[in-house]
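Trainee: The following comprises the amino acid sequence and a computationally predicted model.
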Amino acid sequence: MRFGAPIDATTTDPVELARMHADLGYRAAFCPWGLSLQDMPYLRALRQAFEEQDIVIAEVIGWRNPTPRDDTMRED
C-alpha cells in the first residue's frame, strides 16, 4: 500500500516535486494542479521524475458539480 497527501509545493519543476514527496516519505502523490494535455513534454517529465522516486501519481482532481445552476433545468 502506498501513502501520500497534498503537499504545499512552491515549485512546478518535476524533479523537485517528486523529491518533495520522497522527502516526506510518500510513495503516492496527488497530480499537480493545472496540467494540460497540450503540454506533453512537461507531462512526460513529471512521469519520469515520479517514476525515478518510485512514486505513483494516484489522485487526479477531476470533480465537477453536475447540478445545473439554472433553476428550471435543475427541477427537470
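Mentor: Now that the structure is in, tell me what you want to look at.
Trainee: Give me the below-cutoff pLDDT ranges for the chain.
Mentor: Residue ranges of the chain with pLDDT under 70: 61-65, 73-76.
Trainee: What segments of it are strands?
Mentor: 28-30, 56-59 (DSSP state E).
Trainee: most tightly surrounded among those?
Mentor: Among the strands of the chain, strand 28-30 has the highest mean neighbour count (mean count of other Cβ atoms under 10 Å), at a mean of 20. C-beta here means a position set from N, CA and C on the backbone, and glycine is covered the same way.
Trainee: count of residues packed around residue 21?
Mentor: 23 (other Cβ atoms under 10 Å).
Trainee: That one against residue 7, yeah?
Mentor: Yes. Contact criterion Cβ atoms under 8 Å: residue 21 and residue 7 qualify, at 6.5 Å.
Trainee: overlap in contacts of these two?
Mentor: Taking Cβ atoms under 8 Å, 6 or more residues apart in numbering as the criterion, residue 21 and residue 7 both touch residue 29.
Trainee: neighbouring contacts of the longest helix seen in the chain?
Mentor: Counting by DSSP state H, the longest helix found in the chain is helix 40-52. Outside helix 40-52, the residues that touch it by Cβ under 8 Å, 6+ apart are 14-15, 17-18, 21, 29, 32, 35, 37, 56-57.
Trainee: could I get it in CSV with only the CA atoms?
Mentor: Provided in CSV are the C-alpha atoms of helix 40-52 (Å, rounded to 0.1, in the frame of the first residue of the first chain):
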residue,chain,number,x,y,z
MET,A,40,3.1,16.6,-23.3
PRO,A,41,6.8,17.3,-22.7
TYR,A,42,6.0,18.5,-19.2
LEU,A,43,3.7,15.6,-18.5
ARG,A,44,6.5,13.2,-19.6
ALA,A,45,9.0,14.9,-17.4
LEU,A,46,6.6,14.6,-14.4
ARG,A,47,6.0,10.9,-15.1
GLN,A,48,9.8,10.2,-15.4
ALA,A,49,10.6,12.2,-12.2
PHE,A,50,8.0,10.5,-10.1
GLU,A,51,8.9,7.0,-11.5
GLU,A,52,12.6,7.7,-10.6
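Trainee: Check which residues of that helix are buried.
Mentor: Across helix 40-52, burial judged by 16 or more other Cβ atoms under 10 Å covers 43, 45-46, 49-50.
Trainee: Cool, thanks, talk later.
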